[in-house]
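Trainee: Prediction below, plus the sequence it came from.
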Amino acid sequence: MLDSKESTNKDGLLVYFNPTFDEELNDSGNGFKAVVSRSLIRRVMFACHGHPLSGHAGISKTIHRTKQIYYWPKMSRHIRVYVRSCQHCQQYKPNQSKKRAAPNVPYNMTYPWETICIDLCGPKPNAKGNLKWILVIIDQCTKYVDLFPLAVASAKKIVEKINEVSCRFGHPSKIISDNRSQFVSMMYKEFCVKRNVTMAHTSMYTPHSNPTERVNRDIKTMLAIYTDVHSHWPKYLNEFAFASRTQISEALGHTPMILNTGREALLAFDPRILYHGISLDKNKPEEYVKELLDVLKRAHQNMYHRMQKNYEKHEKVHNDCDWGGLRSPYLGE
Ligand SMILES: [Zn+2]
């Protein structure tokens, strides 16, 4: 017997109206989630947690991901138990039940891709193509991640990849890195001067002020979980980047993907088959643009609101600790 929220869509799929965002309250169809039968619940939880595209994320991210697509009664409780009992997470994230460090709080409000943070992860065991390093580039504002496997972690290669990202998303005003030799080299400095980029280096005492540090830790965990043969570590780098971009950031209230594109990326295991996002009516293309901009505007307003709240909370903690107010974590500022 169907209750008032249940119905079958045109493909005969049983769906349940369970919107997770205001945007899903409209007639886009996004509020309807595929109802999962009891026998398939564990497979769905594996897809939304243990699949490389999901990257063994924590409880709240896994719940968010699952609720975007699926519905079954008491799903949050089931997912909590599933993630807590995941053997891989227990083995590689032994402290997950402890409260993690506070999320990085930007010291100044930024707009997307104004400030990027870069870091090197490695050296890793030699992989095919002599790959040994992962260059992590992340937008400080939206937490959108790019991962590049490198054979040589030279300043030349790093500059090439920064250029690639800048040409895709726009040129940053500032790049934050640690002060290892590549990031203080002549070639790197010349690139920054030519592109009008301010260099900021984190002091070795405040590595937490570089958001890539947390991404690096997550990437290391994902690599450890999925790489049976260590030389195969580059195999899932794209999937790890996808997992990171499409998981909700608790600090921002949205996924990096929606903050950059105004839409959520379709997951490979979305049973709805058809994307229920904003659809383009060829007779009214301006409506599509308007809706897309509305989604982006609301997401950004929400993000800035949360960032401000976070900032104020941390400022209070700093002041209460009698640290004499906020200090810049960056050298040379
Ligand atoms: Zn897990």
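Mentor: Received, thanks. Numbering: from 1, shown residues only.
Trainee: from here on, contacts and neighbour counts on C-alpha atoms
Mentor: Fine.
Trainee: For the residue in the stretch 101-250 of the chain positioned nearest to the ion, grab the count of nearby residues.
Mentor: Using Cα to the ion, the point where the stretch 101-250 of the chain gets nearest to the ion is I225, with a distance of 8.5 Å. For I225, the count of nearby residues is 18 (other Cα atoms under 10 Å).
Trainee: For the remainder of this discussion, apply numbering that starts at 58.
Mentor: Renumbered: residue one is now 58, and that last one reads I282.
Trainee: Quick check: it is in a strand.
Mentor: No - counting by DSSP: H, G, I helix; E, B strand; the rest coil, I282 is not found in a strand; it is helix.
Trainee: nearest spatial neighbour of it, skipping sequence neighbours?
Mentor: H145 (6.3 Å; Cα to Cα, 6 or more residues apart in numbering).
Trainee: pretty sure the one you found is in contact with L280, am I right?
Mentor: No - taking Cα atoms under 8 Å as the definition, H145 is not a contact partner of L280, at 11.5 Å.
Trainee: Looking at the two, which has the bigger crowd around it?
Mentor: Ranked by neighbour count (other Cα under 10 Å), H145 and L280 place L280 first, with 21 against 17.
Trainee: First-to-last residue distance for stretch 326-344?
Mentor: 29 Å (Cα to Cα, to the nearest Å).
Trainee: List the buried residues of the longest helix along the chain.
Mentor: Counting residues, the longest helix found in the chain (DSSP state H) is helix 342-377. Buried residues in helix 342-377, counted by 16 or more other Cα atoms under 10 Å: 349, 352-353, 356-357, 360-361, 363-365, 367-368, 371-372.
Trainee: other SSEs contacting that helix?
Mentor: Packing partners of helix 342-377 (3 or more Cα pairs under 8 Å, 6 or more residues apart in numbering; DSSP states H and E): helix 313-318.
Trainee: The helix it packs on: how far from the chain's middle?
Mentor: 9 Å (Cα atoms, centre = their mean, to the nearest Å).
Trainee: What of stretch 97-117?
Mentor: 16 Å.
Trainee: Just name whatever secondary elements the helix or strand containing A104 is in contact with.
Mentor: A104 is part of helix 98-106, with elements assigned from DSSP states H and E. For helix 98-106, the elements it packs on are helix 116-126, helix 132-141, judged by 3+ Cα pairs under 8 Å, 6+ apart.
Trainee: tell me the average confidence for the first one?
Mentor: Read it as helix 116-126. Per-residue pLDDT over helix 116-126 has a mean of 92.
Trainee: Same question for the shortest one.
Mentor: For helix 132-141, mean pLDDT rounds to 96.
Trainee: by contact count, what packs against it?
Mentor: The contact analysis (3+ Cα pairs under 8 Å, 6+ apart) places helix 132-141 against helix 98-106, helix 116-126.
Trainee: Those: which one's closest to the ion?
Mentor: helix 98-106 (6.2 Å).
Trainee: Give me the buried positions along that closest one.
Mentor: Burial within helix 98-106, assessed by neighbour count using 16+ other Cα under 10 Å, is assigned to 98, 101-106.
Trainee: Next, the angle helix 132-141 makes with that helix.
Mentor: 70 degrees (axes from the mean of the first three to the mean of the last three Cα atoms, to 10 degrees).
Trainee: So which residues make contact with helix 98-106?
Mentor: By Cα atoms under 8 Å, 6 or more residues apart in numbering, the surrounding residues in contact with helix 98-106 are 93, 111-114, 119, 122-123, 136, 139-140, 326.
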